[in-house]
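1. give me the fold of what follows.
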Amino acid sequence: MALDPSTLPTKSQINKCGKLLKKAEFEGVSASQEEIENALRVVRHFRAVHAYPMVKVRLGLRSMIRTEMADEAITQRLKRVPRIIRKLHRMPNMPLASLEDIGGVRAVLADGPELDRVRDRVMRRWKPTLLREPRDYISQPKDIGYRAIHFVVERDGRAIEVQLRTRGQQQWADAAEAADARLGLTLKDGVGPADMVEYFSAAGELIFLREYGRGVPPELLQRFEEARQAVLRAGYYSK
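-> Model prediction:
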């Protein structure tokens, strides 16, 4: 059953609790157990009220994808509290109540052309409810090589992030997350050893060109192989 948004604390209270948890976790600021527990209750409640709007977005996206006769895999998730606090630490000027990805829906499409069709339909159908222009990380990837399209849709007064990825882009993201978990890195946030950043950057470019049917220049193949050998020598992967 959906939580009653009317019982939610004010934005000021939400931001204050997010700031307290961030400072206690990352800045060594002391707080009583009661203060921590109260702040956690507020953040968990704020997180929970995104659940029903997130379901609405997932169902709407699934309908549009099926209309386009695309082959999709759709998932949804509420960002876990530790990741919320970590993001507040990484973005010190961002108040908790303004985070756009507490609730998230992701669709993995078969290839680039399918993704483009779905993106166009989302823009036509949901443009009035978009909170900002989409972030196109396919034409302008992050330095680490991350690619996807990000929308932020408003439902029931909540911001819900929508990600569109191809299968190759999803495989890239899975590999980056696996490396983060195994090695204690933060590649997903674009931070890590230079060898690993170069390896994932080259891999992302290679996947993009192949999925969009573009030619792969020999220079890129050489760059990727050199990066692969570098991470093997550094011991990040077994030979």
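2. okay, the helix or strand where Glu219 lies in CSV with CA atoms only?
-> Assigned by DSSP states H and E, Glu219 belongs to helix 218-233. The C-alpha trace of helix 218-233 is given here as CSV (Å, rounded to 0.1, in the frame of the first residue of the first chain):
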residue,chain,number,x,y,z
PRO,A,218,42.5,-0.2,-35.9
GLU,A,219,43.7,2.5,-33.5
LEU,A,220,40.9,1.8,-31.1
LEU,A,221,41.5,-2.0,-31.2
GLN,A,222,45.1,-1.3,-30.4
ARG,A,223,44.2,1.1,-27.6
PHE,A,224,41.8,-1.5,-26.1
GLU,A,225,44.4,-4.3,-26.2
GLU,A,226,47.1,-2.1,-24.6
ALA,A,227,44.6,-1.1,-21.9
ARG,A,228,43.6,-4.8,-21.4
GLN,A,229,47.3,-5.8,-21.0
ALA,A,230,47.9,-2.9,-18.6
VAL,A,231,45.1,-4.0,-16.2
LEU,A,232,46.3,-7.6,-16.4
ARG,A,233,49.9,-6.6,-15.5
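3. for it, give the mean pLDDT please.
-> What helix 218-233 shows for mean pLDDT is 96.
4. same check on stretch 119-136?
-> Here the average pLDDT along stretch 119-136 is 96.
5. now do the end-to-end distance for it.
-> 10 Å (C-alpha to C-alpha, to the nearest Å).
6. what does it rub up against?
-> 60-61, 64, 67-68, 100, 149-155, 159, 162, 164 (C-beta atoms under 8 Å, 6 or more residues apart in numbering). C-beta here means a position set from N, CA and C on the backbone, and glycine is covered the same way.
7. ok so, going back, just the buried positions in the helix holding Glu219, please.
-> Going by neighbour count (16 or more other C-beta atoms under 10 Å), the buried part of helix 218-233 is 223-224, 227-228, 230-231.
8. also stretch 72-91?
-> For stretch 72-91, using 16+ other C-beta under 10 Å, the buried residues are 72, 76, 78-79, 84-88.
9. mind naming the longest strand for this protein?
-> As assigned by DSSP state E, the longest strand anywhere in the chain is strand 158-166.
10. parallel or antiparallel, list what pairs with that strand.
-> The strands beside strand 158-166 in its sheet (DSSP bridges) come out as strand 103-109 (parallel), strand 149-155 (antiparallel).
11. that older thread, strands - which of the buried residues of stretch 72-91 land there?
-> 76, 78.
12. right, and out of the buried residues of stretch 72-91, which lies closest to Leu40?
-> Nearest to Leu40 among the buried residues of stretch 72-91 is Ile85, at 9.7 Å by C-beta to C-beta.
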